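Enquirer: I would like to see how this sequence folds:
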Amino acid sequence: MEFLDRVLKCVDCGSEFVFTAGEQLFFHDKQFKNDPKRCKNCKAKRSRSGHSVRSETRTNCSQCGNETTVPFKPTQGRPVLCRHCFQSRGSLHAPPSVVN
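Expert: The predicted model follows:
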């Protein structure tokens, strides 16, 4: 299969960018189905800003009942623990240490 450089349009800024033959080969090898939508500058901006935004959900700890925030949306039927209960529970389930 032969790949040729193609000019694409960025969905964020509207500028044109080149989707090189080498990049197309990489996408083909990784079995990616879609062409890139953003130029390198917009992709870099998006990845930098994405790490700083983290949604938090307020809920009550299933073990102690204290109000806490968690970095995910709790699902029904699954316990949600505050930091203190989670850490204390983790040490209970830790494998026993090996002593020589």
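Enquirer: Walking through this structure, point out its helices one by one.
Expert: For the chain, helices defined by DSSP state H occupy the ranges 21-29, 40-52, 83-92.
Enquirer: check contacts around the residue nearest to Arg89 when sequence neighbours are not counted.
Expert: Among residues not flanking Arg89 along the chain, Leu81 sits closest, at 6.5 Å (C-beta to C-beta, 6 or more residues apart in numbering). In this view, the C-beta of every residue, glycine as well, is placed from N, C-alpha and C. Shown in contact with Leu81 (C-beta atoms under 8 Å, 6 or more residues apart in numbering): 61-63, 68, 89.
Enquirer: Would you mind giving those as TSV with pLDDT and distance to Ser55 added?
Expert: Listed next are the contacts of Leu81 as TSV, based on pLDDT from 0 to 100; distance: C-beta to C-beta, whole Å:
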residue	pLDDT	distance to Ser55
Cys61	92	19
Ser62	91	20
Gln63	92	23
Thr68	92	15
Arg89	77	24
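Enquirer: Need the max-distance pair from those residues.
Expert: Largest separation among those by C-beta to C-beta: Thr68 and Arg89, giving 13.7 Å.
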